[in-house]
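> requesting a structural model of the entry that follows:
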Amino acid sequence: MLDYHNRVHDDCEGVSSLHKPGRLSHTIYNYFMAWFSFITVLITTGVYCGVHSWMASNQAKLWTGVHWPKFHQHFYRLFFNIFAVFSFIPVIFLAWKLESMALYTIRNPWVYLTIAIQLGASIAIVLVVGDTGGSSFIGLSQLMNGPEKKRGLVTSGLYRFVRHPLYALGLVILWLIPVMNTNILAINLGLTIYIFIGAKLEEAKLRLEYPEYNEYQKKVPMLFPRIK
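Next comes the predicted model:
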């Protein structure tokens, strides 16, 4: 009876040892696929940001103004915003469907704090858009009335603390997501890089459009408010 028990024990150990390489190879495969997905989502996010940046450029606006003047005058801004929303759906779909690896989860009670901060940042975004002209920002004003007159440089509200409050608030929302995996990290990294590059490109245009922007730029930080 004891000999039988020993044989069974030895057989179980043999079966267990046979499964160990399989588990190891499966773990390596999952690890590889997770980082392959990370690169895929990061590249896809980069393509999205590149297209978005080109559509916001003066070259794209000039081209549409020459070839489709009415579309440019009435629909371009609204089309730009709608396209920005719907063209981001494939990025989200890839991040959802592709293999990923969990990085961290913010637990209670801290998750409530992060959600509260994200909600506050979202409300602040609405207020900032209102300060700069909400209907014009969305494109509804241009749709109804055609191209607007040049607006003055906005330096009130949250623009007193940072030159790009929309970007700064967007970063807060991105990096306080309670559940982080490799695919979400890829999106966040891609959008963060785009925000910094986009802010630099946008400021080059603002310096040409508003001579007073140089002085404003010296007094107010770009994305992160100064702590006094």
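
> tell me, how many residues neighbour Q142?
When neighbours are counted by other CB atoms under 10 Å, Q142 registers 19. Placement of C-beta: from N, CA and C, glycine included.

> please give the element, helix or strand, for it.
In this structure, Q142 sits in helix 140-145 according to DSSP states H and E.

> mind listing what's buried in that helix?
The neighbour-count check on helix 140-145 (16 or more other CB atoms under 10 Å) flags S141, Q142, L143 as buried.

> not counting sequence-adjacent ones, nearest residue to the first one?
In this structure, S141 finds its nearest non-sequential neighbour in S135, 4.2 Å apart by CB to CB, 6 or more residues apart in numbering.

> chain center to the helix or strand where that neighbour lies: distance?
Element membership of S135 [criterion: DSSP H and E] is helix 134-138. Centroid separation for helix 134-138 versus its chain: 21 Å, with CA atoms, centre = their mean, to the nearest Å.

> buried stuff in it?
By 16+ other CB under 10 Å, the buried positions in helix 134-138 come out as F137, I138.

> helices or strands up against that helix?
Where contact means 3 or more CB pairs under 8 Å, 6 or more residues apart in numbering; DSSP states H and E, helix 134-138 is packed against helix 76-86.

> give me the buried stretch members for the helix it packs on, please.
Applying a neighbour-count criterion of 16+ other CB under 10 Å, one finds Y76, R77, F79, F80 buried in helix 76-86.

> which residues touch it?
Helix 76-86 is touched from outside by H52, M55, A56, K61, T64, F71, S136, I138, G139, L140, Q142, L143, with contacts defined as CB atoms under 8 Å, 6 or more residues apart in numbering.

> show the average pLDDT along it.
Helix 76-86 carries an average pLDDT of 92.

> list the buried residues in the next helix or strand after that helix.
Using DSSP H and E, the helix or strand that follows helix 76-86 in sequence is helix 89-97. In terms of neighbour count (16+ other CB under 10 Å), helix 89-97 has its buried residues at V91, L94, A95.

> in its sheet, what does the helix or strand that helix 89-97 is followed by sit against?
Next along the chain after helix 89-97, taking DSSP H and E as the criterion, comes strand 102-105. Here strand 102-105 is paired, per DSSP bridges, with strand 179-181 (antiparallel).

> just the buried positions in whichever helix or strand comes after the partner strand, please.
Next helix or strand after strand 179-181 toward the C-terminus (DSSP H and E): helix 182-209. For helix 182-209, a neighbour-count test (16+ other CB under 10 Å) marks 182-191, 194-195, 198-199, 203, 206 as buried.

> of these, closest to L176?
The nearest member of these to L176, counting by CB to CB, is N188 at 10.4 Å.

> which residues of this structure score low on pLDDT?
Across the chain, the ranges flagged by pLDDT under 70 are 1-24, 26, 228.
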